[in-house]
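**Q** Build me a model:
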Amino acid sequence: MGAVTRAACQVQGVWVDPELRGQGLSVHGMAAVVQQCLERLAPAVTLYVNDFNTAARRAYERVGFRDVGTFMSVLF
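**A** Purely as a prediction, here's the structure:
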C-alpha cells in the first residue's frame, strides 16, 4: 500500500516477473490483496495505471476495478 486513510488505500508497485506473465497470477494476486485491504484497512481500494498498459488494465478490470478519473503527471 502506498497510502492508507480511513476512507481508502492505494495499491502501488504491482509487478509480475516477465517469465511468469500470462498465467493469471496478477488477477489472483490482486484479488487477494484487494480482499485483505477491504477487510483490514479501508472501505475502498484504489490504484493508478498508465493508459497504455492494456494487460494490467484488463487484469484490474477482471478484479473489479473501474476507471473513475484521468490524471497527467507534469514534470518540470
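
**Q** Endpoint to endpoint, stretch 39-57 covers what distance?
**A** Start and end residues of stretch 39-57 are separated by 24 Å (Cα to Cα, to the nearest Å).

**Q** Which helix in the protein has the most residues?
**A** Taking DSSP state H as the criterion, the chain has its longest helix at helix 25-40.

**Q** Okay, helices next: where are they in the protein?
**A** Taking DSSP H as the criterion, the chain carries its helices at 25-40, 54-63.

**Q** a markdown table please, covering those helices and showing mean neighbour count, mean pLDDT and distance to Ala3.
**A** (Each C-beta comes from the backbone N, C-alpha and C, glycine too.) Converted to a markdown table, the helices of the chain look like this (neighbours: other Cβ atoms under 10 Å; pLDDT from 0 to 100; distance: least, Cβ to Cβ, whole Å):
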| stretch | mean neighbour count | mean pLDDT | distance to Ala3 |
| --- | --- | --- | --- |
| helix 25-40 | 14 | 96 | 12 |
| helix 54-63 | 15 | 94 | 17 |
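
**Q** These: which one's closest to Glu19?
**A** Of all those, it is helix 25-40 that lies closest to Glu19, at 11.0 Å by Cβ to Cβ.

**Q** Which elements pack onto that closest one?
**A** Under the contact criterion of 3 or more Cβ pairs under 8 Å, 6 or more residues apart in numbering; DSSP states H and E, helix 25-40 touches strand 9-11, strand 45-47, helix 54-63.

**Q** which residues touch that helix?
**A** Contact with helix 25-40 is made by Met1, Cys9, Val11, Val14, Val16, Val45, Ala56, Ala59, Tyr60, Arg62, Val63, Gly64, as judged by Cβ atoms under 8 Å, 6 or more residues apart in numbering.
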